[in-house]
Each structure stands twice: as C-alpha cells, then as structure tokens.
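Novice: I'd like to go over a predicted model; first the sequence, then the structure.
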Amino acid sequence: MTSVEQHTTGDSGEPSGAGPSGYAAARLRLLQEESRSGPSRRSALAALTDDWLAALFATAQRETGVRGAALVAVGGYGRAELSPRSDLDLLLLHDGKAEPRALSALADRLWYPVWDLGVALDHSVRTPAEARKTAGEDLKVHLGLLDARPVAGDAGLLAGLRTSVLADWRNQAARRLPQLHSLCRERAEQAGELRFLLEPDLKEARGGLRDATALRAVAASWLADAPREGLADARRRLLDARDALHLVTGRATDRLALQEQDQVAARLGLLDADALLREVYEAARVVAYAGDVTWREVGRVLRARAARPRLRGLLGTRGAAAERAPLAEGVVESDGEAVLALAARPDRDPVLALRFGAAAAQAGLPVSLHAVRRLAAQAKPLPVPWPAEAREQLVTLLGAGEPTVAVWEALEAEGLITRLLPDWERVRCRPQRNPVHTWTVDRHLIETAVRASALTRRVGRPDLLLMAALLHDIGKGWPGDHSVAGETIARDVAARVGFDAQDAAVLGVLVRHHLLLIDTATRRDLDDPATVRSVADAVGSPGTLEILHALTEADALATGPAAWSTWRGSLVADLVARVASVLRGAPSAAAEPAIPTTEQERLAVEALRTREPVLALLARQEEDDAVGAELVVAVPDQPGVLPAVAGVLALHRLTVRAADLRSLELPDLPGEVLVLRWRVAAEYGSLPQAARLRTDLIRALDGSLDIQAKLADREAAYPRRRGVVPPPPRVTAVPEVSSTATVLEVRAPDAVGLLHRVGRALEASGVRVRSAHVSTLGANAVDSLYVVDPDGKPLPPPAAAPRAAALEAALR
C-alpha cells in the first residue's frame, strides 16, 4: 500500500500522504502503471484521492475545531469515475452550528491544497437544507447530488440529504424529466451526434458520457429504465477513451482531435485511428439508442399519468385497454408504437422481422423495444435465396422515407440487420475521413435510401434504385477501390435476397459506377464524343442509366451540402441526356466547338475588336447563402490567360466554385478568342466591381501587375490557421478520356491562388489549356484540364506523365 493509503504518521503528527507532494507522487505512480487501466484505475484514483482528502479533512477539523461537517464527492467523482485529468466536484456539508470564520478556515484548508496541485475544483459549502433547496432550483445541482458519496466526516449529514434529494427527484419526476430531456436535446444541437463526428466530444455530444449519466438519473426516478444490455460496456469504452485522451494530451479535454487519435488508439491497444473511432461510434450508438428508447418510454408514462384522471372520470374505476390497430400480418399499433400481434409467431414466420420493420416505417411509428428483442431472440432464419415476400418487404422498408432511419437503427441495435445481411457488419459505424461526408458509412447508405425514396417515380425499377442506394458504398469495408469491391458484394447480396441474375448484374453495374456520372459531368469535357461514349459503354442500357441518374443525386444529397447543387445537377442532367441519345442509337455529337451563347458572342466580338479583355459579372445567390456571381471573360488568344484571370480573382478574394475555358472562332472576325466562364463567390463582403476586375486583368496580362508577389504579400500578412496537414497535391494524366486533348486531373487542397499556380506551371511547361473544368468539394479542389501541345494536338503518352509530374512538383 502507498503511504497515503496507510495513513502513517510522521514527526509532525500529520499523515505522511496528506501533503500535496505525497498525493501527487502516488497519483503519478498509479497513472504510470501499465497493468492498471479502465475501471480499475479510475476507482483506484478515486480511492487514492479519497484518502488524501480524508487526511486533509481530519487535519483541518483538528485545527479549526469545526464539528458537524462532512466532505462529499458529487458528480463523476461521486461515481468514483476519475479520469487522469478530471476535476474534483466537492461539497462541504455542515450542520449550520459552526462559526462562519471557522467554517471558512476549514474550507480554505481543503480547497487550497487542491488548487496548489493544479487540479480543477468545483466546490460549494452548504447545509443539508441549503443543498436541498439549491437542488430544487438548479437541475444540474440536483443531478450531481444523485451521485453524492461521503469522503470524510459526519456520514449522517449526507445520509439524510441523499434520502430527501432522492425522494424529491422521484416526487418531481413529472416536472424534472422533461427538463432533463430538453437539456439533452439542447446539448445535442450544440455538440452534434458523437458517432458522426470526426472530432467528437466524448462527453457533450449526443450518445456521450453526459447522456449516459442522464439515463442513470431517469432510472433513479423509477419512472422508466434504460435498456441495460450493452449500456455499461458502452459507458466503460467511452470512459476508457477519455482516460487515454487525458494521458496523451496531458490536458482535461473531452474532444478527440484528429492529431491525437493515433496515439489514443495505440494507448488503448487498437490498430489505428479508424479502429478507435469505430469503437467510440459503436459505444455512442448504444447510448444514443438507449436514450431514444428511454425518453420515448418516459413520454408514454407521463402521457398515461396525465390521461388517467380523465379516464377515471369517464369509466369509473375500470381502466381501458390500449387499442391495437392492425398494420400488417403479425404487426399491430399499440400506444403509439409498432408491436407484435398477440398471435405472431417469430419462430414460424421467417419474414416477420422485415414485415414488422416495413410496416412500422410505412406507418411512421417507432418500434417497440420488447418486440425487436423478441424477434432477435426467436426469429426463424430466412432461407437463401430469400422468398419474394422478404425481398419486397426489404424494398418497402427502404422506400418509406425518413422513418426508415429510426426503424433500421432499432433493428440494427439488436443485431437483426447483420443477421439478414452479413456484409453490413463491415460498414457498421465505419468512419469516413473525407470531410465532405456527414455520416458514417452505414448511416450514409440509409440516408441515401431515404433520398432515393423521393426519386422512385423517376425510374422504371424503383426496387433496384433502393437496393443500389443501400449497397453503393458496401465495398468501403474492404481493401482497394470500394466501387470494385462493392460490385462483387452487391451481386452476392442481390442473389441472396432473391433477385434474378439479370437484376443482380444491373445492381453490380450501378454499384461499380455510382460515381461515374458526377465525376464525368464535373471533371470532363462533355463536348468530346469520347467522354459520352465511355459513359454509354460503362452503363450499357437506358434503363440502367435512368437508375444511375437517380442514384447519383440521392448519393450526393446524402453525402453533405458540398456534394450537390443546382449547378452540379444541371451538369449531370446534360451528360445523361447525351448518353441517353447514344444508347438510343443516335450518333454522338461531333467534336465541334460549343455554340456560344448570345452574351458570350457579344463579349467575344468586343474582345476581338478592342484586342483587350472584356467581361460581364452577373450577381447570384449561392445555395450556401454566400454572395456569388457568374463571370464571363473574353480575351484575345494569348499566353498566360488562365493564370492571369485566376490570379485576379484570387486578389479580389473571389472563391472559384467552378470554371470552364474554351476557345472560340467567330465567322467574319480574324483570330481566336478565349472565353472563360466562372462561378465565383465572395470570400466575405460584397462582390468587386466589374471595372476593377477588368483593369487588374489588363495589367496582369501586360505584366504591370505582379500577381504572384501580391498573393505572397497577402499570405505573409494574414497567414491562415492550419489544423491537420492535408495530403499533398496529386496530378495524374488520365488516359483514353478525350480524342482531341490530353486530360490532366489535379487533386489538391483548395487554397487561394491554386488555379493561378496551376496555370503558371502549365504555361512554363509549354502546353496550352484548351478547356478547364474546376470543382470544389469542401476543402478539396478537383480540376480537370484538357491540354494540347503548341500545334493544338494531344500530348503523346510518353510526354503526358512527365508534364503531370512537373505540375505536381510545382504545386507541392
């Protein structure tokens, strides 16, 4: 035992571990013990702290002469759940008989040693009556006292307070629990949902430690109880993660920042940061689901209590049985939930679980916890391949819209989904590191099905659309390209659930090419016949194209706000129309220059007439409420146009959302003119005046405006705060995409002046940009550049790779 635990006495008569240095040394030894972790370390740390504070309290009592007092641990310390950097939540309870000066001296002798160690302290001094009164006024104080535990002094003081506080909590449950639920919802709105955050707050986010503590408080009210299966283990895993985070950072933090995740994972013995997040997400899912079930039960009980007096008046002393309205075979509605009918036999009806979920989702009802657990325990396995009814019920469940999410998650929480679809296990709670994504892989698949359900009227085979939505990212649980891996899995799942070979093949194509339309529409030249033909060859039929179009939109909408817009939708629709024409047998359009719009032709004529750049700036409201514009620039063909225009836009703090560059030849006018069409948004403030843009562009082209120097000066004056270092830029030469140009694809962190640097590097390498297609996804830019040699021909393959490498080196 340590000296603190032994309470041995030195020459001064004070326990040798009572001093801050003795406690600090013992605490450090405990935290450095590799064999001690998890609940064992937390309880040992609480016990060590108890001994130290008890010794301090005994000494302070002896010196001040105060009697009738107790030192009480509340909150997390009261639960003996001390993490390495947890604060101490202490209450000095007294009977009110001590002199105020003596009581103050007693408190000082307790609080100051804690502060001297640098440990955060939340403290109060109250009589039992004052503590009870404060608890009645402050919900958080009441919650803390529910976990009150004696550390030292008169235990009888606390025993009486605990009895009264707990009685108050139960007597006031009808008022207090709705307040607690509101507090949980507000916290979730501020901190987000833990299992979908790349940098989750283990304590405050929905499904975190505070929610787990709230469920303990609900159970203490005797009004309702949380589902206990897995809840204690989920809470332990969250606490273990927080312990490791405290030890790695040396700080009292609950936010699992990206840069610390690998170290936290290593301390917990996990493979990597993804394994850590998945562990944390699994735990948060259990807590959040338990919360959903518990709060629904609280609401049901409170509604029943409110209705009981009215029923007694109407029915006398007799009660009324809950009405049971049929929903489907073996499924009824009772008291606002979908439950199993009295005659339902899960052990004889293998389709019942899917029929139950589909009926609940179609009716917009939550599912009964008891019913789901009964299905999990008794359901008869489905034969493989599934019967037609099972497949139809799965499609019905997926097509129910928003209610699908809650029903699916309830079935998944009890293991029914992975039993029905074993491949689901690999994507369950799997994190997505791409910041464009809002959800984990499994939730994204369900959200895609929800979005697809609104598009089923646009396709001839809505069942294939909904299944493709469910499976399009199923390959993310496997190594390599998730689309390639997913195609194989999708075919296997399709056969398992009873689709015929032809439908299984279509699902395989949809999963394999679910990114084809959006990638091609935003990164390729749609006027190039080779582009359209390659998409037509991959898709194969008009019916598959129709489904793929809807899947593309559903997938993007379910990804996040940066993945879809009216502009992206119009590009995809344009591509689909061209591909559909080819699939119907019409020849692909010839590789002729695009027909200019009236406005583009006007600007081009003016540019050739004046031999200077001209432009038009049309303001528009962006979908994210930024101040944006459509900018069209016409410039007589000359070197350096792309970097000059891009640089001027950067100088004026215009963010490029999309760009398109084309060369036009006009009849009756000599020479070529470059027409650049941009979608831009003001970084902040209002849009610049078109005249200022034109003036700076003229200066940039004649060399009197050094854009590179101006951008460097601004970067030096206002350096951007950097978080996690992004991956380096990557440039690749994409083969066989165009018959008239070489395509270089640039993937890089979006940054001020990026397109300017790209243009300068290409000019320096002696290639011309025939067209450019720029898109921004969150913090990343994906630019496709169609380049030709000085003679206007595609670069020979041996020359394309070195040009791509040179551009990549310049961007790094």
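Specialist: Yes, it's here.
Novice: now the longest helix seen in the chain: average pLDDT?
Specialist: The longest helix of the chain (DSSP state H) is helix 273-315. Averaged across helix 273-315, the pLDDT comes to 86.
Novice: what packs against that helix?
Specialist: Secondary-structure packing of helix 273-315 (3 or more Cβ pairs under 8 Å, 6 or more residues apart in numbering; DSSP states H and E): helix 173-191, helix 209-220, helix 231-249, helix 258-267, helix 403-413. Backbone N, C-alpha and C define where each C-beta goes, glycine included.
Novice: off-centre distance for that helix?
Specialist: Centre-to-centre, helix 273-315 and its host chain are 23 Å apart (Cα atoms, centre = their mean, to the nearest Å).
Novice: tell me what angle it forms with helix 231-249.
Specialist: Interaxial angle, helix 273-315 versus helix 231-249 (axes from the mean of the first three to the mean of the last three Cα atoms, to 10 degrees): 140 degrees.
Novice: where does the stretch 651-800 of the chain dip in pLDDT?
Specialist: Along the stretch 651-800 of the chain, the parts satisfying pLDDT under 70 run over 668, 683-685, 717-727, 776-780.
Novice: what do you get if the cut-off is 80, keeping everything else the same?
Specialist: Within the stretch 651-800 of the chain, the stretches with pLDDT under 80 are 655-671, 681-686, 714-727, 736-737, 749-752, 770-782.
Novice: ranges for the strands of it?
Specialist: Per DSSP state E, counting those that start in this stretch, the stretch 651-800 of the chain carries strands over the ranges 654-665, 672-682, 730-734, 742-749, 768-777, 780-788.
Novice: show me where the stretch 1-150 of the chain has its strands.
Specialist: With DSSP E, counting those that start in this stretch as the criterion, the stretch 1-150 of the chain has strands at 69-73, 88-94, 121-126, 149-153.
Novice: out of the strands of the stretch 651-800 of the chain, nearest to residue 464?
Specialist: Closest to residue 464 of the strands of the stretch 651-800 of the chain, according to Cβ to Cβ: strand 768-777, at 27.4 Å.
Novice: direction included, what does the closest one pair against?
Specialist: As defined by DSSP bridges, the strand partners of strand 768-777 come to strand 654-665 (antiparallel), strand 780-788 (antiparallel).
Novice: ok, which of the strands of the stretch 1-150 of the chain comes nearest residue 429?
Specialist: Nearest to residue 429, of all the strands of the stretch 1-150 of the chain, is strand 88-94, at 31.8 Å by Cβ to Cβ.
Novice: tell me, what residue is most central in this structure?
Specialist: Centroid-nearest residue in the chain: residue 196, 3.3 Å away (criterion: Cα atoms, centre = their mean).
Novice: give the contact list for the closest residue to it other than its chain neighbours.
Specialist: Excluding the flanking residues, the one nearest residue 196 by Cβ to Cβ, 6 or more residues apart in numbering is residue 439, at 5.4 Å. Residue 439 makes contact with 196, 432, 447, 558, according to Cβ atoms under 8 Å, 6 or more residues apart in numbering.
Novice: could you dump the helices and strands packed on helix 273-315 into JSON lines and include distance to residue 158?
Specialist: Shown next, in JSON lines, are the helices and strands packed on helix 273-315 (distance: least, Cβ to Cβ, whole Å):
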{"stretch": "helix 173-191", "distance to residue 158": "21"}
{"stretch": "helix 209-220", "distance to residue 158": "16"}
{"stretch": "helix 231-249", "distance to residue 158": "25"}
{"stretch": "helix 258-267", "distance to residue 158": "36"}
{"stretch": "helix 403-413", "distance to residue 158": "38"}
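Novice: nearest to residue 506 among those helices would be which one?
Specialist: For the helices and strands packed on helix 273-315, proximity to residue 506 was assessed by Cβ to Cβ; helix 403-413 is nearest, at 22.4 Å.
Novice: hmm, who's touching the helix or strand following the closest one?
Specialist: For helix 403-413, the succeeding helix or strand toward the C-terminus, using DSSP states H and E, is helix 416-420. Contacts of helix 416-420 with the rest of the structure, by Cβ under 8 Å, 6+ apart, involve 353-354, 372, 375-376, 379, 381-382, 394, 408, 411-412, 424-425, 428.
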